[in-house]
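>>> Sequence first, then the predicted structure, then my questions.
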Amino acid sequence: MTADVLRLRAKTSSGLITVDKLQSTNTIADLKQLLSESIAADLECLVIKCGFPPKVISDTESSSPLSQHVKSGDTIIVELKAQVPKASNGVNGTVKSSANGNIGSSSSSSKANATLKMARKVIPADNSCLFNSFSYTYSHTQESLFTPSHLRELIAVTVGTNIAKYPPEVLGSDVREYQKFIRNPQSWGGAIEAAILADHFEMEVRIVDIQTNRIDKFGFAQNFANCVYLLYDGIHYDALFEPCHRKSVFATGDEESENACKQLAKEFKEMNKFTDLQKFSLRCMICNELLKGQNDAQKHAVKTQHINFREV
């Protein structure tokens, strides 16, 4: 009996491509080789994500068969690890190495005379990217780094002790169901969680959306003095910081930092480094319910505790 031919869709920075030359018995290494040739990228730079929420296929799984990770009709996400250039003159949009060795993209403000540059701290895609991104930005003014489990518990306790402020209508489910959901390390964070973090730490959490170039400001009404910026690509959060002074907490009235963040998001959009999940059709692999976009998937997850989705 011959192996099944797989037909996959791959989202890359240059657009959507079809992969239909591999079989289920081929390995992840075979897939990477084919993708490397298709998009003319170094094999070592490829990062492949699959499933929903998308998870990175680690290098240790290169020899595993494709059938363990994907099936025909699935969409995978293909990203490239940033590399440090041999020389850098600080030109807007170049890739820079941060002080701790992590790589991100940096940008100057859109103002002609501005010198402020912002950079992205790449956060692992482990379903806790919102919490890890916030922790990274906030920790620059603190001695200790908050773990995702600490922040999840903080949020669960907050909603449990403020039921009037966070009723089921706001949470999208019963309070106890929401607490169980947010304590699960596989559950994503979003607007509700960003708002609670802003209130608790008394600083705005500003989400910079790559697709729309919009900045959502959580905690804005409280007139907090400081803010942090997180970059959102539709499915993932990364932290933003000013690399020269390793600064990630800014004054809320600092227009220069806000403009620099928007400029960086604009550059990422021009490179198609975002995912429009609102147009995706999804199926819950637990109960087979059809869903439209990320919002429906997140509401379904809170209501049912089902967190295994695939694009259809």
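Okay, I see it. Residues are numbered from 1 along each chain as shown.
>>> Please work out the average pLDDT along stretch 230-241.
Throughout stretch 230-241, pLDDT has a mean value of 91.
>>> likewise stretch 122-138?
For stretch 122-138, mean pLDDT rounds to 91.
>>> buried ones in the helix or strand hosting residue 192?
Using DSSP states H and E, residue 192 falls within helix 191-201. Buried positions in helix 191-201, judged by neighbour count with 16 or more other CB atoms under 10 Å: 192-199, 201. C-beta here means a position set from N, CA and C on the backbone, and glycine is covered the same way.
>>> got it, and stretch 150-158?
Neighbour counts over stretch 150-158 (16+ other CB under 10 Å) mark 151-152, 154-156, 158 as buried.
>>> what does the average pLDDT come to for it?
pLDDT averaged over stretch 150-158 gives 96.
>>> Tell me how far that stretch lies from the chain's centre.
Centroid separation for stretch 150-158 versus its chain: 20 Å, with CA atoms, centre = their mean, to the nearest Å.
>>> One more: stretch 255-270?
Remark: stretch 255-270 is offset 17 Å from the chain centroid, using CA atoms, centre = their mean.
>>> still on that earlier bit, with respect to residue 29, which of the buried residues of stretch 150-158 is nearest?
residue 152 (35.2 Å; CB to CB).
>>> mind checking how far the closest one is from residue 232?
19 Å (CB to CB, to the nearest Å).
>>> same question, residue 62
Counting by CB to CB, the gap from residue 62 to residue 232 is 30 Å.
>>> more neighbours, the two?
residue 232 (24 against 13; other CB atoms under 10 Å).
>>> can you tell me which residues contact that one?
Contact partners of residue 232, counting by CB atoms under 8 Å, 6 or more residues apart in numbering, are 207-210.
>>> Which of those ranks first by neighbour count?
That'd be residue 208 among the contacts of residue 232, by other CB under 10 Å, with 26 neighbours.
>>> tell me the secondary structure for it?
strand (DSSP: H, G, I helix; E, B strand; the rest coil).
>>> Would you enumerate the residues in contact with it?
Here residue 208 is in contact with 214-215, 229-232, 240, 261-262, 264-265 (criterion: CB under 8 Å, 6+ apart).
>>> give me the beta-bridge partners of it?
residue 215, residue 231 (DSSP bridges).
>>> average pLDDT across stretch 23-39?
87.
>>> Kindly export it (C-alpha atoms) in CSV.
Extracted in CSV, the C-alpha atoms of stretch 23-39 (Å, rounded to 0.1, in the frame of the first residue of the first chain):
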residue,chain,number,x,y,z
GLN,A,23,3.7,11.9,1.4
SER,A,24,2.6,11.2,5.0
THR,A,25,5.6,9.0,5.5
ASN,A,26,8.0,11.8,4.6
THR,A,27,9.7,13.6,7.6
ILE,A,28,9.8,17.1,8.9
ALA,A,29,13.3,17.3,7.5
ASP,A,30,11.9,16.5,4.0
LEU,A,31,9.3,19.3,4.4
LYS,A,32,12.0,21.8,5.5
GLN,A,33,14.1,20.9,2.5
LEU,A,34,11.3,21.4,0.1
LEU,A,35,10.3,24.7,1.7
SER,A,36,13.9,25.9,1.7
GLU,A,37,14.0,25.3,-2.1
SER,A,38,10.6,26.8,-2.7
ILE,A,39,11.2,30.1,-0.9
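>>> and for that stretch, what are the contacting residues?
Stretch 23-39 has contacts (CB under 8 Å, 6+ apart) with 2-6, 10, 12, 14, 17, 19, 21-22, 41-43, 46, 48, 57, 61-67, 69, 71, 78.
>>> again with stretch 179-194
Here stretch 179-194 has contacts from 53, 126-131, 134, 148-149, 151-153, 155-156, 159-160, 166, 170-171, 173, 205, 207, 216, 218, 230, 237, 298, 301-302, 305, 307, using CB under 8 Å, 6+ apart.
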